[in-house]
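Student: I would like the atomic coordinates for the input below:
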Amino acid sequence: MKRNNSHRLVSWIGGNDLKASSSDNEDMIEFGPIVSTLQNRNFDHLELLYNYPSKLVEPYLKWLEKHVNIPVTAHYIELSSPVNFGEIYVSANEILSEISKQCSRLSILLSPGTPAMQAVWILLGKTRYKCTFLQSSIEQGVQEVTIPFELSAEYVPAAKSIDSEQLKQLSQSTAPVDAAFDNIVTRSPRMLALKAQAQILAEREVPVLITGETGTGKELFARAIHNASARKEKPFVPVNCGAIPHELVDSVLFGHKKGAFTGATSDKPGVFEQANGGTLFLDEFGELEPSVQVRLLRVLQEGTFVPVGGTSEHRVDVRIITATHRNLMELVANGGFREDLFYRIAVGVLHLPPLREREGDLSLLIDSLLDAMRKNDPQLEHKNISPNAKNLMFQHPWRGNIRELQSTLLRSALWCQGNIINADDIRQSLFSVPAKKNDILKKDVSQGIDINEIIGDFVGEYICEALALTGQNKTRAAQLLGLKNYQTLNNWMEKYGIS
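Tutor: Now for the predicted structure:
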């Protein structure tokens, strides 16, 4: 088919468009994003995609004829789910491929559709098809959208070949379910000794405490211990204690009975019951409040608990592995952690060193992680890293440890312009951490100082650290900082200009 000079608008039919067609009062009508865009801009043809049932769309198309004076073509797209990225990508790509052969100008309306549909429009419009993006809203009207980045189509994986679970595991640095000690890549004498100690602990039914900075591989060690133990055929249940809302801690840990609280519509087992016979991994264990620590101590001592809203005790046989980036001994000394609970969980103790202290491991880990990425995604199978890029990585402090290393490699591998990851690719993928400010107690007052600025710097550093540790949970961050509530935290942030 010959391309002509026409300008076409492409859009999914969205819920707000269908609502507009069902309005009975033409004077009060909100036209929806599609008609609003057509009334604001000139186009020669409208191409619509939809996944709604025909009985909903056919009345809309008839209504549309009354409000537009250009040809309309509607394409039914069969999707198993309106958020299935792969199916949306394949269908939208086929439609745009045909349309782009028939017109000289192409515009895509981003507003209607699910977030997955909008994301695929951007992906296709920035890689395969020259187009302009538009959005339409009641508040701001119709606007052209500037998306401030460029992608190379050559390196965008075809949707049919994407393995979502594998990419998710790569991006989230999830420890593999079948993790074994062989998965712990190292040549560092210190790490080799820790692996040997962990293998000994795996054979014994003792609680294990794993400490170390964020991203050092605590869950990987925990899973390896479980998989090398006599409990390997039983469940391994990981729980991030720092992410549990305070009011739900008991329910998450011990379960609840129907009607125990608002929203408890049925009995639900807690993680202790789910892990019965196996291993319960309590990550970020140092974040649990003293009141919860008391109740945990009883379970560890007696092997029994009572679900929220229950009356009878439940008995479980669970091995506990805990992990934390915090110094529990310091917390015990300061009264923030129960001493009796500490000695109950800290029978086998493994302290994982940060990556910067693992002599000889950085180069080995770079090669190992890159090799894993090549195996997990066919689109990355030819990626390699240059010596200059490696040298740059050797100079980085890796405060996020292996998790930061893995994320950096994945970013640079996905976006590098070719099969060789060079120093510029790594440089663009690294996060630079501002250097620590000078000691606030060493300021020279004789030269004049701004005490409000110093206080702001001091407050800002600790608030940002607390928010990072709690995943931006202001209530929990306020607790860590000794503030009354999140509103107090907000007041401090506003006072010192912390965003």
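
Student: can you name the next helix or strand after the worst-scoring helix or strand of the chain on mean pLDDT?
Tutor: Ranked by mean pLDDT, DSSP states H and E, the helix or strand of the chain with the weakest confidence is helix 164-172, at a mean of 52. Next in sequence after helix 164-172, counting helices and strands by DSSP states H and E, comes helix 189-202.

Student: list the buried residues in that following helix.
Tutor: Within helix 189-202, the residues that qualify as buried are Met191, Leu194, Lys195, Ala198, Leu201, Ala202, counting by 16 or more other C-beta atoms under 10 Å. Any C-beta I mention is one placed from the backbone N, CA and C, and that applies to glycine too.

Student: residue contacts, the third one?
Tutor: Same thing as Lys195. When contacts are counted by C-beta atoms under 8 Å, 6 or more residues apart in numbering, Lys195 is found next to Phe181, Ile184, Thr186.

Student: and of those residues, the nearest to Leu480?
Tutor: Of all the contacts of Lys195, the one with the least separation from Leu480 (C-beta to C-beta) is Ile184, at 30.8 Å.

Student: ok, now which ones touch the closest one?
Tutor: Taking C-beta under 8 Å, 6+ apart, one finds Met191, Lys195, Gly217, Leu220, Phe221, Ala224 in contact with Ile184.

Student: Ser266 too?
Tutor: Contacts of Ser266 were listed using C-beta under 8 Å, 6+ apart, and they are Lys258.

Student: relative to Leu410, how far out is it?
Tutor: Counting by C-beta to C-beta, to the nearest Å, the separation of Ser266 from Leu410 is 40 Å.

Student: same question, Arg399
Tutor: Using C-beta to C-beta, which is the criterion applied here, Arg399 is 18 Å from Leu410.

Student: looking at those two, which one has more neighbours?
Tutor: For Arg399 against Leu410, the residue with the higher neighbour count under other C-beta atoms under 10 Å is Leu410, and the figures read 20 against 14.

Student: coming back round to it: adding pLDDT and distance to Pro148, write the contacts of Lys195 out as a markdown table.
Tutor: As requested, those are arranged in a markdown table below (pLDDT from 0 to 100; distance: C-beta to C-beta, whole Å):
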| residue | pLDDT | distance to Pro148 |
| --- | --- | --- |
| Phe181 | 88 | 45 |
| Ile184 | 90 | 40 |
| Thr186 | 91 | 41 |
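
Student: which of those sits closest to Leu96?
Tutor: Minimum distance to Leu96 across the contacts of Lys195 is 45.8 Å, recorded for Ile184 (C-beta to C-beta).

Student: pull out the buried residues from stretch 361-375.
Tutor: Buried residues in stretch 361-375, defined by neighbour count with 16+ other C-beta under 10 Å: Asp361, Leu362, Leu365, Ile366, Leu369, Leu370, Ala372, Met373, Arg374.

Student: and the longest helix for this protein?
Tutor: Among the segments of the chain that qualify as a helix by DSSP state H, the longest is helix 451-469.

Student: other SSEs contacting whichever helix or strand comes after it?
Tutor: Following helix 451-469 in sequence order, the next helix or strand is helix 474-480 (DSSP H and E). Under the contact criterion of 3 or more C-beta pairs under 8 Å, 6 or more residues apart in numbering; DSSP states H and E, the helices and strands touching helix 474-480 comprise helix 451-469, helix 486-495.

Student: how about Leu331, secondary structure?
Tutor: Following DSSP: H, G, I helix; E, B strand; the rest coil, we place Leu331 in the helix state.

Student: which pLDDT value goes with the nearest residue to it once chain neighbours are set aside?
Tutor: Among residues not flanking Leu331 along the chain, Phe337 sits closest, at 3.8 Å (C-beta to C-beta, 6 or more residues apart in numbering). You'll see Phe337 listed with a pLDDT of 90.

Student: cool, Ile320 as well?
Tutor: Per-residue confidence for Ile320 comes out at a pLDDT of 96.

Student: and the buried residues of helix 189-202 as CSV, adding distance to Lys484 and pLDDT?
Tutor: Rendered in CSV, the data for the buried residues of helix 189-202 read as follows (distance: C-beta to C-beta, whole Å; pLDDT from 0 to 100):
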residue, distance to Lys484, pLDDT
Met191, 43, 93
Leu194, 41, 94
Lys195, 45, 93
Ala198, 42, 94
Leu201, 42, 94
Ala202, 44, 94
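
Student: ok, those residues vs Ser429, which is closest?
Tutor: Closest approach between the buried residues of helix 189-202 and Ser429, by C-beta to C-beta: Met191, at 25.3 Å.

Student: doesn't Asp361 make contact with the closest one?
Tutor: Yes - here Met191 reaches Asp361: they are 6.8 Å apart, a contact under C-beta atoms under 8 Å.

Student: domain-wise, how is the protein divided?
Tutor: Each domain of the chain is listed here as a residue range: 7-160, 172-353, 372-429, 440-495, per automatic domain parsing.

Student: hang on, the residue nearest to Leu331 packs against Gln293?
Tutor: Yes - taking C-beta under 8 Å as the definition, Phe337 is a contact partner of Gln293 at 6.9 Å.

Student: distance of Tyr486 relative to Ile463?
Tutor: 12 Å.

Student: so for the two, which residue has more residues nearby?
Tutor: Ile463 (21 against 15).

Student: the helices and strands packed on helix 474-480: lowest mean pLDDT?
Tutor: When mean pLDDT is averaged over each of these, helix 451-469 scores lowest at a mean of 82.

Student: a markdown table for the helices and strands packed on helix 474-480, including distance to Glu284?
Tutor: Compiled in a markdown table, those are given as follows (distance: least, C-beta to C-beta, whole Å):
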| stretch | distance to Glu284 |
| --- | --- |
| helix 451-469 | 9 |
| helix 486-495 | 19 |
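
Student: for Arg8, find the nearest of those helices.
Tutor: Using C-beta to C-beta as the measure, helix 451-469 is the one of the helices and strands packed on helix 474-480 that comes nearest Arg8, at 46.0 Å.

Student: that closest one vs helix 486-495, what angle?
Tutor: Regarding helix 451-469 and helix 486-495, their directions subtend 130 degrees when assessed with axes from the mean of the first three to the mean of the last three C-alpha atoms, to 10 degrees.
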